[in-house]
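# Got a predicted structure here, sequence first:
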There are 2 protein chains.
Amino acid sequence: MSITVVGSIAYDAVKTPFGERERMLGGAAVHFALAAAFFDEVRVVGPVGDDFGEEELGAMRDRGIDISDIERVAGKTFFWRGEYGWDLNSRETLDTQLGVFEGFQPKLSDTSRSSDVLFLANIQPDLQHEVRAQLPDARFVALDSMNLWIEIARDSLVGAIEGVDCLILNDAELRQLTGKPNLVSAAREILSWRDGNGGRGPSVIVAKQGEYGAALVTRESFFALPAYPLETVIDPTGAGDTFAGGFVGFIAANLDALDSPSASGERAGGGDRATGAPSDDLLRRAMAHATVLASFNVEQFGTERVQSLTREEIVARLHELHAITQFSGVA
Amino acid sequence: MSITVVGSIAYDAVKTPFGERERMLGGAAVHFALAAAFFDEVRVVGPVGDDFGEEELGAMRDRGIDISDIERVAGKTFFWRGEYGWDLNSRETLDTQLGVFEGFQPKLSDTSRSSDVLFLANIQPDLQHEVRAQLPDARFVALDSMNLWIEIARDSLVGAIEGVDCLILNDAELRQLTGKPNLVSAAREILSWRDGNGGRGPSVIVAKQGEYGAALVTRESFFALPAYPLETVIDPTGAGDTFAGGFVGFIAANLDALDSPSASGERAGGGDRATGAPSDDLLRRAMAHATVLASFNVEQFGTERVQSLTREEIVARLHELHAITQFSGVA
């Protein structure tokens, strides 16, 4: 399969207790694409200014990412400056310059429109809705958003969410969106939207929980994974989008592996033969890959660590993640 | 084996978004004992006032808890009043009346001193130190504390911690105690205290993470478990002590099961034959039991749910907890 991602391409200035960078490659679509490219073909849609460098484009090209729908526009590339607190759990935005992102109207080529999998990174929800409409036959569509849109454009956001298969949000955002006090009740609320909406809407909810890991809620299943434990975290910027890249990327690469149920009744990976939706087993494995990708992302500034990452390192850490979540004594 | 717990026995007044109770049985030692009693013999040491009811004593006696070291003192039983915010993640203490707890000097009978396992619930750290000295031959000693003692009696607390095998704290308290920005670095810091202390000090660190679950750190291993997912949480009061009761209780019940290493080199439960310390496998299973006990505690006010809990319910939820943490695709 192939994946189209629509979202920001940016320069970030970041200061953490462990150092700083004045101008580094960033943006949700970039972090997503660099992670997802380990698993499948990725096409990036988004605008850059005339200040955007060849080196940054090269970083994506080196990973086989299709950058032909990255549109160069007169003006400045989206710029974000932020600073993190001592434990990296709080951050302050010091500057946001939308630049060419301000007038962004996504233009998708026929190639980008032909992808089977779509990730709508955090942009204005009406734009997410428009893009989603350009890929009516996509088999799996996931969406991320942020507190700002819940506050100022909730109806638009709900409309956009009702058009996708999978919602990926921070757990605080899930509570804020639904007014429900905990993860399970918030996720169940969103899953119930399908009933009033002719069966359209998310069947998969992913709650990102930062240093605590992530949880997955569907109608049939609940799954939770801790974050991979790191003694030193350098920069959390882009961790959520890298997580989404690992998650959606792994699903895209394995959705066609329609395995039949095993003797024990469990489905071993791939998509559900009847609905074409990802099986519970595939979703869980995707969560594990997402967790591993995100853990690498935070080990260095911005995209630095994921740019140097190898497949072997991913596999090794996947085994470690498995080992730290196992317990015995239960048949 | 048997377990001695020293800590508060209290009346709590609690208000949550889901209801309130004006005067219910509470206190760290009580929550701990009611959970641990599912696994082993528990002896409670602590003071109550002359207002403490026979019914409350009966609730402990009904679970086979040895209450002969509960000392009745002239005055009022420890009283705490608190109110929780909408998502139960914040709480405000509205009233604390120490009552007979103010002059508490733990008096342990020979029976309580003969226990092999000791839990020092959150009390003034010098008292924890004194109690610990009265069980010099205990095989496994765990300690809980709180932010107050880190702030006003840090040296005493560090002294108390250096005398135990296992430290159980909230993750924010671990950071506060060590000044380290994340769980792994904070836990490693405390584990390193043994080196400067003749090998005395905690070899097991448990970080309670509330709705996110809990993590276990030793020199050799890391393990993390999500909380059991609940759609409705009624009252988190006592969840941490109930968690500790499940954890320490399960270890006490299984520490003597000194299994030899399996063919694969893994130890299957019980204590380490060489050191007598709990094996990694036993610690992980204890974390799972702790997680399950804590999940029941928060389903009703105070001790109500754990008082009505059955062994069958614990086993059933243990299987569910196992199911929600498993993923495949990793050899």
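Happy to help now that I have it.
# tell me what the longest helix along chain A is packed against?
As assigned by DSSP state H, the longest helix anywhere in chain A is helix A:280-297. In terms of contacts (3 or more CB pairs under 8 Å, 6 or more residues apart in numbering or on different chains; DSSP states H and E), helix A:280-297 is packed against helix A:28-36, strand A:214-217, strand A:222-225, helix A:239-254, helix A:304-308, helix A:311-323. Where you see a C-beta, it was placed from the backbone N, CA and C, and this is true even at glycine.
# Report the angle between the first one and helix A:239-254.
Translated: helix A:28-36. Between helix A:28-36 and helix A:239-254, the angle comes out at 50 degrees (axes from the mean of the first three to the mean of the last three CA atoms, to 10 degrees).
# Give me the residues contacting helix A:28-36.
Contact with helix A:28-36 is made by A:3, A:5-10, A:42, A:44-46, A:59-60, A:63, A:65, A:119, A:121-122, A:144, A:238, A:241-246, A:248-249, A:252, A:293, A:297, A:303, A:306-307, as judged by CB atoms under 8 Å, 6 or more residues apart in numbering or on different chains.
# Would you confirm that A:Ala294 contacts A:Pro236?
No: with contact defined as CB atoms under 8 Å, A:Ala294 does not reach A:Pro236; the gap is 9.0 Å.
# Those two - which one has more neighbours?
A:Ala294 (29 against 19; other CB atoms under 10 Å in any protein chain shown).
# Show the buried residues in the contacts of helix A:28-36.
For those, a burial check counting by 16 or more other CB atoms under 10 Å in any protein chain shown picks out A:3, A:5-10, A:42, A:44-46, A:59-60, A:63, A:65, A:119, A:121-122, A:144, A:238, A:241-246, A:248-249, A:252, A:293, A:297, A:303, A:306.
# now do the same end-to-end measure for stretch A:44-64.
In stretch A:44-64, first residue to last residue: 11 Å (CA to CA, to the nearest Å).
# tell me which residues of that stretch are tucked away?
Buried, per 16+ other CB under 10 Å, within stretch A:44-64: A:Val44, A:Val45, A:Gly46, A:Pro47, A:Val48, A:Gly49, A:Phe52, A:Glu56, A:Leu57, A:Ala59, A:Met60, A:Arg63.
# how about the helices in the stretch 101-250 of chain A?
Taking DSSP state H, counting those that start in this stretch, the helices of the stretch 101-250 of chain A run over residues A:110-113, A:125-133, A:147-152, A:154-161, A:171-178, A:183-192, A:239-254.
# do the third one and chain B meet at all?
No: Helix A:147-152 lies apart from chain B when judged by CB under 8 Å from any CB of the partner chain; the minimum separation is 15.0 Å.
# Can you pull the residues of the stretch 51-200 of chain A lying near chain B?
Checking the stretch 51-200 of chain A against chain B by CB under 8 Å from any CB, the hits are A:Trp86, A:Asp87, A:Leu88, A:Arg175, A:Pro181, A:Asn182, A:Leu183, A:Val184, A:Ser185, A:Arg188.
# Next one, pLDDT for the spatially closest residue to the fourth one that is not a sequence neighbour please.
When the adjacent residues along the chain are set aside, A:Arg175 lies closest to A:Ala186, with 5.3 Å between them (CB to CB, 6 or more residues apart in numbering or on different chains). Predicted confidence (pLDDT) for A:Ala186: 97.
# Could you do A:Leu258 as well?
Each residue has a pLDDT score; the one for A:Leu258 is 55.
# quick revisit: dump the helices of the stretch 101-250 of chain A into CSV; add distance to A:Asp95 as well.
Listed next are the helices of the stretch 101-250 of chain A as CSV, based on distance: least, CB to CB, whole Å:
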stretch, distance to A:Asp95
helix A:110-113, 31
helix A:125-133, 23
helix A:147-152, 16
helix A:154-161, 25
helix A:171-178, 23
helix A:183-192, 32
helix A:239-254, 20
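# Burial-wise, tell me which of those comes out on top.
Neighbour counts (mean count of other CB atoms under 10 Å in any protein chain shown) averaged over each of these peak at helix A:239-254, with a mean of 28.
# could you give the angle of that helix to helix A:280-297?
If you take the same axes, to 10 degrees, helix A:239-254 sits at 140 degrees to helix A:280-297.
# Any residue of helix A:239-254 touching chain B?
No: counting by CB under 8 Å from any CB, chain B has no neighbours in helix A:239-254; the shortest distance is 9.2 Å.
# Let me see the mean pLDDT of that helix.
In this model, helix A:239-254 has an average pLDDT of 97.
# who are the neighbours of it, in terms of helices and strands?
Counting by 3+ CB pairs under 8 Å, 6+ apart, helix A:239-254 packs on strand A:2-6, helix A:28-36, strand A:117-120, strand A:140-144, strand A:166-170, strand A:204-208, helix A:280-297.
# Mean neighbour count, the ones you listed: which tops it?
helix A:28-36 (a mean of 31).
# What are the contacting residues of the helix or strand that comes right after it?
On the C-terminal side of helix A:28-36, the nearest following helix or strand under DSSP states H and E is strand A:41-48. Surrounding strand A:41-48, the residues in contact under the criterion CB under 8 Å, 6+ apart are A:1-9, A:27, A:29-30, A:32-33, A:36, A:60, A:64-73, A:77, A:100-101, A:104, A:106-108, A:111-112, A:115, A:131, A:249.
# Now do the following helix or strand past strand A:41-48 against helix A:28-36, angle only.
Proceeding N to C from strand A:41-48, the next assigned helix or strand is helix A:54-61, under DSSP H and E. Comparing the axes of helix A:54-61 and helix A:28-36 via the same axes, to 10 degrees yields an angle of 40 degrees.
# How about residues contacting helix A:54-61?
Contact partners of helix A:54-61, identified using CB under 8 Å, 6+ apart, comprise A:Leu25, A:Val30, A:Ala33, A:Leu34, A:Val44, A:Ile67, A:Ile70, A:Thr303, A:Gln307.
# cool, stretch A:150-161 as well?
In contact with stretch A:150-161 (CB under 8 Å, 6+ apart) are residues A:120, A:124-126, A:128-129, A:132, A:143, A:145, A:149, A:167, A:173, A:176-177, A:190, A:193, A:201-202.
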